[in-house]
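> quick one, structure for this:
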Amino acid sequence: QAAIDALSSGGVLYISHGTYLISTRITGADNIVIKGSFGGSVLKRAASNTGQILYFRSKSKFVIEDIEIDGNKSAGGASGYGISIEGCSTFQISNVISNNNINDALYIRRDTTSNVASSSFSIVGSTFNNNNRHGLTVASGHSFNIYGCTASSNVFSGITVEPNAGGTSVGHSFSIKDCICNSNGQSGHNPYSIAGISISCQNVSADADRRGIIISGNQCLSNLSDGTGDGYGIWVRDCSHVIVDNNNCSSNSDSGIRVDRSTTIGANTNSVTITGNVSNGNSSDGFNVTGGGSSDKIIGVTINGNVARGNTTYGLVAGANVEAGMVSSNVFVSNTTAQTTFNNFSGWAAVEQREENTNGFNANLETRSNLMGFQRRDLPAGQTDYDLYIFGILDFTSIPMVRAGSVIGLAVKLSSSLPAGETATITVEKNGATFGSPFEIIIPSGSDSGQATVDLRSRTFTSGDLIGCVVDTSNNGAWPATVDIIVTVETSPFA
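As a prediction, the model looks like this:
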């Protein structure tokens with residue numbers, strides 16, 4: 001502390017190799033660098049220290065790098081933070097290890113006297129493991145980046161951004177990228193929702209104070225529930241203009257990725273993009289997007305290019321009060337309850353969704369394969385240009401989903417090659433009866449009957465190709481509330 005106090009105009013404090021027992025917190029200053037010998041300069045909390053090891057309040061332009069904090073939680077004590085920063089700006093924490101703290105490893109928040117949030121900072125290449133609260137907490141902070149950090153095996157969440165009562169400029173304009181947040185959470189120990197990465201702007205009504213958030217390239221695996229129904233990979237609440245992309249959120253106790261709204265703000269959330277993520281083997285949904293009340297909607301959702309396999313409930317849940325969305329080019333496969341479920345379709349225009357038929361169609365075995373098809377719920381009569389959801393085998397239960405005069409598209413994906421010199425018989429049936437005219441084969445085209453035999457001598461189909469058709473329902477009788485539509489393909493050598 002005396003060395004820091006002596007740097008009245010700023011400078012560098014070098015902490016040489018060794019372990020230093022800290023009984024009273026060290027208070028930082030403006031314009032200083034605290035630099036250790038990475039992996040060898042250890043600041044260890046003494047049992048008598050119930051505050052922080054490093055403490056900065058209303059300071060700017062400082063750096064903490066290449067040091068290790070040992071919270072020494074096994075020594076006991078009522079409280080103990082690794083590093084606490086309040087109302088500071090323009091600082092960097094780099095290559096810091098802060099483990100085994102009684103509270104958070106790194107706690108960043110507003111100055112409770114001036115009510116100024118911390119801002120314009122970066123946290124790079126640091127580790128926050130085995131702490132009794134969160135690994136890294138930002139409570140009232142904006143304009144910051146967290147990159148390449150590890151926050152795992154904490155009792156609460158790995159990384160959390162949350163409001164701090166009375167704070168201003170809470171949680172906007174920040175990114176969390178390329179971090180590892182695994183195995184956080186412990187049953188019965190958390191009053192909050194647990195996640196590998198948890199972002200909440202609850203109770204922050206001003207859109208400008210809860211927008212501009214990027215969560216990208218992170219790994220969030222095997223995060224556990226506290227016993228109250230959480231344990232997400234990534235959880236985002238009440239935030240606008242959010243991008244969640246290229247994360248791996250698998251094997252968590254709840255949904256892999258959940259974006260939702262509370263009912264406490266009274267203002268809608270705008271623009272959520274979820275793209276390029278993998279969410280497999282979670283104990284609930286792969287992806288869950290759910291609004292709050294009628295005044296707390298999520299409007300403008302893009303879900304594109306994601307993969308959800310083997311989740312206990314759905315691949316994708318689009319819940320209540322979610323409007324104006326686009327869903328495209330995802331793979332939802334082998335999820336237990338169903339691949340997708342949509343609470344309502346208000347404002348969902350031109351929505352396309354794809355699912356794989358994991359059984360595929362094996363041309364070499366000359367077997368039949370049921371359709372994994374496309375559908376758009378409740379098409380109005382006379383429409384011909386809608387993109388269609390996929391819904392497994394098309395089993396339209398409970399309500400009429402296709403009306404006379406609509407056009408529906410159906411396809412089978414090949415799981416093996418189909419060589420030239422064979423024929424393919426494609427059949428479309430409704431409730432076991434073959435369709436009547438009109439009926440058009442897409443690949444190849446040119447047929448106009450319920451069953452078509454196609455000469456394949458001029459073309460070789462490869463694995464992944466689609467063979468399918470378009471059916472105009474107007475000439476196929478009344479459509480009941482329950483109808484099964486099946487496309488089958490059989491091949492045989494050309495004689």
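> for this structure, just list every one of the helices.
Taking DSSP state H, the helices of the chain run over residues 2-6.
> helices and strands of this protein: which one bottoms out on pLDDT?
Taking mean pLDDT, DSSP states H and E as the measure, the chain has strand 394-395 as its least confident helix or strand, at a mean of 33.
> state the mean pLDDT of stretch 230-240.
Summarised as a single mean, pLDDT over stretch 230-240 is 89.
> let me see the ranges of the strands in the stretch 251-400 of the chain.
Assigned by DSSP state E, counting those that start in this stretch, the stretch 251-400 of the chain shows strands spanning 257-260, 269-275, 287-290, 298-304, 307-309, 314-318, 322-328, 331-333, 338-342, 374-375, 389-390, 394-395.
> go through those and pick out the most buried.
Ranked by mean neighbour count, the strands of the stretch 251-400 of the chain are led by strand 257-260 with a mean of 27 (mean count of other Cβ atoms under 10 Å). From N, CA and C alone the C-beta is placed, and that goes for glycine too.
> from the contact counts, what lies against it?
strand 232-237, strand 240-245, strand 269-275, strand 287-290 (3 or more Cβ pairs under 8 Å, 6 or more residues apart in numbering; DSSP states H and E).
> possible to save these as a markdown table with distance to Asn129?
Output for the helices and strands packed on strand 257-260, formatted as a markdown table (distance: least, Cβ to Cβ, whole Å):
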| stretch | distance to Asn129 |
| --- | --- |
| strand 232-237 | 18 |
| strand 240-245 | 24 |
| strand 269-275 | 28 |
| strand 287-290 | 28 |
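> just send the strands of the stretch 251-400 of the chain back as a markdown table, with distance to Gln219 too.
Formatted as a markdown table, these follow (distance: least, Cβ to Cβ, whole Å):
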| stretch | distance to Gln219 |
| --- | --- |
| strand 257-260 | 13 |
| strand 269-275 | 16 |
| strand 287-290 | 17 |
| strand 298-304 | 20 |
| strand 307-309 | 15 |
| strand 314-318 | 20 |
| strand 322-328 | 24 |
| strand 331-333 | 19 |
| strand 338-342 | 24 |
| strand 374-375 | 33 |
| strand 389-390 | 28 |
| strand 394-395 | 37 |
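> and the ones you listed, which one is worst for confidence?
strand 394-395 (a mean of 33).
> where does the stretch 301-450 of the chain have low pLDDT?
Along the stretch 301-450 of the chain, the model assigns pLDDT under 70 to residues 324-325, 342-450.
> cool, the stretch 51-200 of the chain as well?
164-171, 187-193.
> and Asn246, how many residues sit next to it?
Residues near Asn246, counting by other Cβ atoms under 10 Å, number 17.
> contacts only, for it.
Residues near Asn246 by Cβ atoms under 8 Å, 6 or more residues apart in numbering: Ser216, Gly217, Thr275, Gly276, Asn277.
> nearest residue to it in space, ignoring adjacent ones along the chain?
Spatial nearest neighbour of Asn246, excluding adjacent residues (Cβ to Cβ, 6 or more residues apart in numbering): Gly276 at 4.4 Å.
> could you identify the most distant pair in the contacts of Asn246?
Gly217 and Thr275 (12.1 Å; Cβ to Cβ).
> quick one: common contacting residues for those two?
With Cβ under 8 Å, 6+ apart as the test, Gly217 and Thr275 both reach Asp245, Asn246.
> just to revisit the earlier point, which among the helices and strands packed on strand 257-260 is found nearest to His142?
With Cβ to Cβ as the criterion, His142 lies closest to strand 240-245 of the helices and strands packed on strand 257-260, at 13.4 Å.
> for the closest one, buried residues please.
If you call a residue buried by 16 or more other Cβ atoms under 10 Å, then strand 240-245 has these buried ones: Ser240, His241, Val242, Ile243, Val244, Asp245.
> which residues does the residue found closest to the second one once you drop the neighbours it is linked to in the chain contact?
So that's His241. In this structure, His241 finds its nearest non-sequential neighbour in Arg211, 4.2 Å apart by Cβ to Cβ, 6+ apart. Arg211 is in contact with His172, Ser173, Cys239, Ser240, His241, Val242, counting by Cβ under 8 Å, 6+ apart.
> Cys249 and Val278 touch, don't they?
Yes - the pair Cys249 / Val278 is scored as a contact, 7.3 Å apart, by Cβ atoms under 8 Å.
> those two: which has the busier surroundings?
Using other Cβ under 10 Å, the more surrounded residue of Cys249 and Val278 is Cys249, with 31 against 19.
> wait, isn't Tyr314 in contact with Asp285?
Yes - counting by Cβ under 8 Å, Tyr314 does reach Asp285; the two are 4.7 Å apart.
> residues shared between the contacts of those two?
Asn335.
> separation between Ile213 and Gly36?
Ile213 sits 32 Å away from Gly36, going by Cβ to Cβ, to the nearest Å.
> for Asn154, same thing?
23 Å.
> neighbour-wise, which of these two wins?
Set Asn154 next to Gly36 and count neighbours by other Cβ under 10 Å: Asn154 wins out with 31 against 24.
> sorry, back to before: make CSV from the buried residues of strand 240-245 and add distance to Ser255 to it.
Shown next, in CSV, are the buried residues of strand 240-245 (distance: Cβ to Cβ, whole Å):
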residue, distance to Ser255
Ser240, 20
His241, 21
Val242, 16
Ile243, 18
Val244, 12
Asp245, 17
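> out of those, flag the one nearest to Leu224.
Val244 (20.9 Å).
> correct me, but the closest one touches Gly276?
No - using Cβ under 8 Å, Val244 is not in contact with Gly276; the gap is 9.2 Å.
> tally of neighbours for the nearest residue to Cys220 once chain neighbours are set aside?
Sequence neighbours aside, Gly196 is the residue nearest to Cys220 in space, at 3.0 Å (criterion: Cβ to Cβ, 6+ apart). Residues within reach of Gly196, counting by other Cβ under 10 Å, total 34.
> what of Gln1?
11.
> same question, the one 5 residues further on
Taking other Cβ under 10 Å as the neighbour definition, Ala6 ends up with a count of 11.
> quick check: bridge partners of the closest residue to Arg109 other than its chain neighbours?
The shortest distance from Arg109 to any non-neighbouring residue, by Cβ to Cβ, 6+ apart, is to Ala139 (4.1 Å). Per DSSP bridges, the residues bridged to Ala139 are Arg109, Glu162.
> what is the nearest of the contacts of Arg211 to Asn330?
Nearest to Asn330 among those: Val242, at 17.9 Å, using Cβ to Cβ.
> contacts only, for that closest one.
Here Val242 is in contact with Ile199, Arg211, Ile213, Ile214, Ile215, Val236, Val259, Ser271, Val272, Thr273 (Cβ under 8 Å, 6+ apart).
> can you name the residues bridging to it?
According to DSSP bridges, Ile213, Val272 are recorded as the beta-bridge partners of Val242.
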